[in-house]
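Participant: Here's my sequence, what's the structure:
(chains A and B)
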Amino acid sequence: MTTNPEIPARPARGGRSPGRTGHAEAAQSRVAWLFVGPYTLFLLAFGLLPLIYTIFLAFTKRGAFAGITNFVKVFKDYRFLPAVEHVGLYLAVWLVSLVVLVVLLAVIVHAIGVRWLSTTVRFLFYIPGAVAGASSVMLWLFVLDPTVSPVAFILHGLGLNSFVEAVQADRLPVVLAVIAFWTGAGGWIVVMYGALNNISREVIEAARIDGAGPIRIAWSIQIPLLRKWISYMVILSFAGGTQLFVEPRVLAQASRGVVSQDYSLNQLAFLYAFKQSDFNGSAAISLMLLLVALVLSVAFVFRGGLFERT
Amino acid sequence: MKTLRIALLLATGLVAGPAMAADASKEITVWVDATRQPAVEVFQKAHPEIKVNMVVDDGSSGASGTFQTKIGLADQAGEGWPDVVFSTQNNDAAWAAKETNGVQAFAAALNKDILDQSFLDGFTPGALDPVTIDGNVYGLRNDLAPVLFWYNKPLLDQFGYDIPKTWEDYQALGDKLAKDHPGYFLGSIGDAFEGPYIYYWSGQAPIFQVKGDEFVSNVDDPNAAKVTALLDHMLKNGTVTQESVFSAPFAAKADHLVAIPGPAWYSGAIFQNPSSVNAKPGTWGAAPPLYWEKGDKVTGNVGGGVWYASSHTQNPDAVKTFLEFVITNDETAGTGGLPAYQAAAAKWLDKQASAGFYVGDFKNAVSTAASTVWDGWAYPNFSPETAWAKVITPALAAGKSISDVAADWQKEMQNEAQVVGYTVN
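Facilitator: Numbers count the residues shown, from 1 in each chain, chains lettered A, B, ... in the order given. Predicted coordinates for the structure are as follows:
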């Protein structure tokens, strides 16, 4: 998830025969194909072909062209707008806390001078990320149930005395954001830490000589230089966040329906496909999600300068 | 004989779909929940000649929709259908008996393709109603789940109370209990099924009905309003709890449970369950169901699972053998609850009576309840449980009453009905 394919540094040219350079470049291009090939195949098989099938489904009904009727139907569904609202609220809470806390924690960890302490802290941040999707929600089921939770005193302190209260609809955006943060933030902190390491020491030293303190350095130098990385994190997190499914789905099972089965847009798409056997409506929802994610991603890519070479 | 029968079926065109090429040696795939797993194991021991591939899932409990989801996937893929499915819900026939997106209906019409009418005639009258559509039977009820009135004899004696006969008595008992013995209680609506099935259905509340293509729900009906008032009253004085009957907190205070209206399967799930009430023999009994003083003597029903056979099966003979076995065999029929098959039910009742586990006239209470399930409740392709869980449970946890959100509950059920294709007025 956090890999960033770096463009391989070009080999130094000076003092080498043209033949050797050509040979090296040919080898590199082969390696590049090796890297890109499988990715392209997977992208075709699990990205582009399903997308084409989705577009076909979304604009047809029983194989015949249906215009935008599927979209109209979905839009009129009484569950659609609440689901949009749920996902929107969740994204707002999660993305803001992600950006603020990840950057803050990365800068703090980076400032820790003691090597073993810094490594340990990064490792601790990263551990929860190793617990995959559904199983991490299972773990949170216990944390959120005041009758079995190891942090029951905190839940009681917040006035939550039962699992049902802990997963009430109006608290869910925060609960889901906390779960997502816990599983995902560690990886991003490590990525940001790496990015901070890339900032040249001379720049920081120069700032320090000019009298800038750690906060000033973070605010005026480190964070602006992290801009691309932050955009990158927001794009991927946004795309993942709009597809919210596993967490509310598992919570719905565990809470016996108190967290409703139609909480998020992807859950609604799931119900369309498998409860109403309406794959066309389901495809319409997926397509709308894709469109929103695409538009916002493009905005972030250009505003965040992701494709600029520095 | 077998070949002849299949040849005849093929010749008369009764066999639907291309997948019905019979192969008596083919393994059958059976989807069951954990509770039904032992029944399949008993069958495997008794019939080693039939290869069974058992897949354990949640049996669609709590209206989770697992059954329909997995069949939807198989339909889309054009393969992967099981031969037999167990579901804890009894409204699956509403979708399973219908063709979807051009794929043949999943559920086989058992009376036509798989079983003999003489076998089907052995069920308790009315037991197959939820799974009968247009005269065809699409599933076999595993157990009957009429609502009874369970009571703790030593506690009632100790407090000097009589067993209530009507809902009015029940509420009055709640008042006395709350006043004289606070902490003791008479029921739960902590799960999504108790409210709709145990209280509203038994209370003859017309909140879940289908008339033709129309779904009808009326929480303002006098009976519905009476049930709402009863529950709000008893929730307020603490004699009906919000703890799930399957939860640890419920088990922890189970020694304070004086009585509880509930389905026949509470027998195994609650009273004889070591991690729940864990009753001592001779302490608990079942009385005939409660009714309104001026109403009909009817009761509700909570599930009672259903076995379905696939219309795609390639081994209908093995499916037939399997279904007849689990429905009638002493060890497997009813899987702990009241079997839906009459002969098995009689044996089960005799066994319960002779074991002397329950006090009072257990056999009479169960028989009375089984034959008086109110028929004003429908089995459409959705469950009242999801709306209850979504609207009522969180509202109660937030300190509101049922009457505060009854209209929202009705609206949610109507919305769900519209989504699956019913009209609503």
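Participant: Name the nearest residue to the residue in the stretch 101-250 of chain A positioned nearest to chain B, sequence neighbours excluded.
Facilitator: Closest approach between the stretch 101-250 of chain A and chain B, counting by Cβ to the nearest Cβ: A:Val164, at 4.3 Å. C-beta coordinates here come from the backbone N, C-alpha and C atoms, glycine included. Leaving out its chain neighbours, the residue that sits closest to A:Val164 by Cβ to Cβ, 6 or more residues apart in numbering or on different chains is B:Ala397, at 4.3 Å.
Participant: Please work out how many residues are found near B:His404.
Facilitator: You called it His, but residue B:404 is Asp. B:Asp404 is flanked by 15 other residues according to other Cβ atoms under 10 Å in any protein chain shown.
Participant: Ok, B:Glu412 next?
Facilitator: 21.
Participant: B:Asp221 now?
Facilitator: B:Asp221 has 15 nearby residues by other Cβ under 10 Å.
Participant: quick one on the thing from earlier: who's in contact with the residue nearest to A:Val164?
Facilitator: A:Ser162, A:Val164, A:Glu165, A:Gln168, B:Gln242 (Cβ atoms under 8 Å, 6 or more residues apart in numbering or on different chains).
Participant: what's the answer for A:Ser29, then?
Facilitator: Contacts of A:Ser29 (Cβ under 8 Å, 6+ apart): none.
Participant: ok, it to A:His23 distance?
Facilitator: 11 Å (Cβ to Cβ, to the nearest Å).
Participant: re earlier: check the contacts of B:Ala397 and tell me the two furthest apart.
Facilitator: The largest distance within the contacts of B:Ala397, taken as Cβ to Cβ, falls between A:Gln168 and B:Gln242 and amounts to 13.6 Å.
Participant: biggest helix in chain B by residues?
Facilitator: Assignment by DSSP state H gives helix B:402-419 as the longest helix of chain B.
Participant: picking that back up, kindly tell me how buried the residue of the stretch 101-250 of chain A closest to chain B is, as a neighbour count.
Facilitator: A:Val164 - counted by other Cβ under 10 Å - has 22 other residues nearby.
Participant: Mind telling me what element it is part of?
Facilitator: helix A:163-166 (DSSP states H and E).
Participant: quick one, phi/psi of the spatially closest residue to A:Glu165 that is not a sequence neighbour?
Facilitator: Nearest non-adjacent residue to A:Glu165, counting by Cβ to Cβ, 6+ apart: B:Ala397, 4.9 Å away. For B:Ala397, the backbone dihedrals are phi -60, psi -30 (criterion: degrees, to the nearest 10).
Participant: same question, B:Asn136
Facilitator: With angles defined as degrees, to the nearest 10, B:Asn136 sits at phi -100, psi 140.
Participant: And the closest residue to it other than its chain neighbours, how close does it get to B:Thr332?
Facilitator: Using Cβ to Cβ, 6+ apart and skipping residues adjacent in sequence, the residue nearest B:Asn136 is B:Ala109, 4.1 Å away. Distance of B:Ala109 to B:Thr332, given as Cβ to Cβ: 24 Å.
Participant: for B:Pro263, same thing?
Facilitator: In terms of Cβ to Cβ, B:Pro263 sits 19 Å off from B:Thr332.
Participant: so who does the one residue in the stretch 151-300 of chain B that gets nearest to chain A touch?
Facilitator: Going by Cβ to the nearest Cβ, chain A is nearest to B:Ala192 of the stretch 151-300 of chain B, at 5.5 Å. Residues in contact with B:Ala192 (Cβ under 8 Å, 6+ apart) are A:Arg256, A:Gly257, B:Gly62, B:Ala63, B:Glu385, B:Thr386, B:Trp388, B:Ala389, B:Thr393.
Participant: before we move on, what about A:Thr60?
Facilitator: Per Cβ under 8 Å, 6+ apart, neighbours of A:Thr60: A:Ala66, A:Asn280.
Participant: and if we set it to 10 Å?
Facilitator: Neighbouring residues of A:Thr60 by Cβ atoms under 10 Å, 6 or more residues apart in numbering or on different chains: A:Ala66, A:Gly67, A:Thr69, A:Asn70, A:Phe279, A:Asn280, A:Ala283.
Participant: what does A:Pro248 give?
Facilitator: A:83, A:86-87, A:90, A:137, A:167, A:172, A:175-176, A:255, A:259-264, A:266-267.
Participant: That one sits in which helix or strand?
Facilitator: Taking DSSP H and E as the criterion, the element that holds A:Pro248 is helix A:246-254.
Participant: Quick check: the residue most central in space within chain B vs chain A, distance?
Facilitator: Closest to where the C-alpha atoms of chain B average out (Cα atoms, centre = their mean) is B:Gly303, at 0.8 Å. Distance of B:Gly303 to chain A, computed by Cβ to the nearest Cβ, to the nearest Å: 14 Å.
Participant: looking at it, that residue is touching B:Glu194, isn't it?
Facilitator: No. Contact criterion Cβ atoms under 10 Å: B:Gly303 and B:Glu194 do not qualify, at 11.7 Å.
Participant: Not counting its neighbours along the chain, what's nearest the residue in chain A that chain B sits nearest to?
Facilitator: Nearest residue of chain A to chain B: A:Gly257, at 2.9 Å (Cβ to the nearest Cβ). Using Cβ to Cβ, 6+ apart and skipping the chain neighbours, the partner closest in space to A:Gly257 is B:Ala389 (2.9 Å).
Participant: That neighbour and A:Ser255 touch, don't they?
Facilitator: Yes. The criterion here is Cβ under 10 Å, and B:Ala389 meets it with A:Ser255 at 7.5 Å.
Participant: which residues are common contacts for B:Gly303 and B:Glu194?
Facilitator: By Cβ under 10 Å, 6+ apart, the residues touching both B:Gly303 and B:Glu194 are B:Pro263, B:Glu385.
Participant: Tell me who's in contact with the nearest residue to A:Asp77 once chain neighbours are set aside.
Facilitator: Distances taken as Cβ to Cβ, 6+ apart put B:Val419 closest to A:Asp77, at 6.9 Å, once the chain neighbours are dropped. Counting by Cβ under 10 Å, 6+ apart, B:Val419 touches A:Asp77, A:Tyr78, A:Arg79, A:Asp262, A:Leu271, A:Tyr272, A:Lys275, A:Gln276, A:Asp278, B:Asn381, B:Phe382.
Participant: Test for you: state the pLDDT assigned to the closest residue to the second one other than its chain neighbours.
Facilitator: Residue nearest to A:Tyr78 in three dimensions, not counting chain neighbours: B:Asn415, with 4.8 Å by Cβ to Cβ, 6+ apart. At B:Asn415, the pLDDT value in this model is 93.
Participant: B:Asn415 contacts A:Ser260, doesn't it?
Facilitator: No. Counting by Cβ under 10 Å, A:Ser260 is not a contact partner of B:Asn415; they are 11.7 Å apart.
Participant: Looking at the two, which one has more neighbours?
Facilitator: Between B:Asn415 and A:Ser260, counted using other Cβ under 10 Å, A:Ser260 has the larger neighbour count: 25 against 15.
Participant: Now the more buried one: which helix or strand?
Facilitator: Applying DSSP H and E, one finds A:Ser260 in no helix or strand.
Participant: where does it fall, phi/psi-wise?
Facilitator: The phi/psi pair for A:Ser260 (degrees, to the nearest 10) is phi -70, psi 160.
Participant: show me the contacts for it.
Facilitator: Contacts of A:Ser260 (Cβ under 10 Å, 6+ apart): A:79, A:82-83, A:86, A:169, A:172, A:248, A:251-252, A:267, B:386-387, B:389-391, B:394, B:412.
Participant: Thanks again, I'm all set now.
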